[in-house]
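**Q** okay, here's the prediction I keep looking at, along with the sequence it came from:
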Amino acid sequence: MEKRFLDQLLTAKDLPSLPVVVTQVLALSNNSASSLMDYSEIIIRDVALSTQIIKLANSAYYKSRGPIVNVRQAVQFIGLSSVVPLIVVFSMKGVLSTTKSPIDLLPYWKRSVLLSCLSAFLSRYAAGVSCEEAMLAGLLQDIGVLAGCTVFPAKYHEAQNYFWSDHDKLITEENAIFGNDHSAVGPYLLEKWGIPVSIANAALSSHQVPVKEDQGGLDWCVSGSNILASCIIRGIENHNLLEEVQGALNGSWLNVAPEDVEDAAVALLGIVSETESIFEVAILPDDIEKMLKYVSDENS
Ligand SMILES: [Fe+2]
């Protein structure tokens, strides 16, 4: 991004900011003496956040033996190091709702939620990356768009048409206006928020083409989620979702054995479906459960 745009953006008073609960949790994470009780006491003050953490602990992301009914149990079960990125993830809907912009941000948010669960899915193939870190990095990779819509809404008026449907076109539009795209801006905002540098670096490289040699890294999960998201969105719009997902999972950048592709596609769409429920946002077609059940029955 040209320096004049970047300076204007980073000094704007309406730039999105993190809720207090998140800055408190990030501060706790920087203190090795912080306890489970410290985290629970802060989280419990935020009802929406508490509900989402408990819901996630009971979801397919984690396989708990019994029902988890309160924040303390959920934090203990998920683990302190994993709960910190999750709190940032769940706070983002609040960040979005308090962001002042005339632009309709729902398409941006839907794609970000999709990116988040796809990055989490890919962490299964990246032994060195935690699911929660991948989820956070996936969700925040396009945060530069949110900053741009807040500070330069008129410039995003045309580009908003591509938030959901055509990420490459969005990037082209941004390049034409700013001389760079949102992946160059997002890391500055994340740094300002105190988000770990690994997450900011993943945003910076999110538009690069993933290669098999990088499998195992957070950057690979995030850039891979971008590829998968475009395939899924195309599949939703063309009514050939399963074929698009299978085609994407057959890509040379991802090591899925040919005989495992169909199962992986069903697992991936199952995670997206579960994530829709956790974030309360509609992404997949209404008949997705019927479609997944049909494929499972055929394979059994
Ligand atoms: Fe992006």
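**A** Looks like it came in fine.
**Q** hey, let's count contacts and neighbours off CA atoms from now on
**A** Will do.
**Q** show the subsequent helix or strand relative to the helix of greatest length in the chain.
**A** Looking across the chain with DSSP state H, the single longest helix is helix 218-238. Per DSSP states H and E, the first helix or strand lying C-terminal to helix 218-238 is helix 241-249.
**Q** which residues touch that next one?
**A** 227, 228, 231, 232, 234, 235, 256, 261, 262, 264, 265 (Cα atoms under 8 Å, 6 or more residues apart in numbering).
**Q** again, only using 10 Å
**A** Applying Cα atoms under 10 Å, 6 or more residues apart in numbering, the external contacts of helix 241-249 come out as 224, 227-236, 238, 250, 254-258, 260-266, 268-269, 284-285, 288, 291-292, 295.
**Q** quick one: average pLDDT of it?
**A** When pLDDT is averaged along helix 241-249, the result is 93.
**Q** show me how far that helix is from its chain's centre.
**A** The chain centre lies 20 Å from the centre of helix 241-249; the measure is Cα atoms, centre = their mean, to the nearest Å.
**Q** need the pLDDT of residue 184.
**A** pLDDT recorded at residue 184 is 93.
**Q** so it touches residue 147, yeah?
**A** No: under the criterion of Cα atoms under 10 Å, residue 184 is not in contact with residue 147, lying 11.7 Å apart.
**Q** more neighbours: which of the two?
**A** Per other Cα atoms under 10 Å, whichever of residue 184 and residue 147 has more neighbours is residue 147, with 24 against 18.
**Q** that one: which element?
**A** Residue 147 belongs to helix 143-151 when elements are defined using DSSP H and E.
**Q** for the longest helix of the chain, packing partners?
**A** helix 106-122, helix 131-140, helix 167-178, helix 197-204, helix 241-249 (3 or more Cα pairs under 10 Å, 6 or more residues apart in numbering; DSSP states H and E).
**Q** show me what contacts the residue nearest to residue 169 when sequence neighbours are not counted?
**A** Distance criterion Cα to Cα, 6 or more residues apart in numbering; nearest residue to residue 169, sequence neighbours excluded, is residue 162 at 6.4 Å. For residue 162, the contact set (Cα under 10 Å, 6+ apart) comprises 107, 108, 156, 168, 169, 170, 171, 173.
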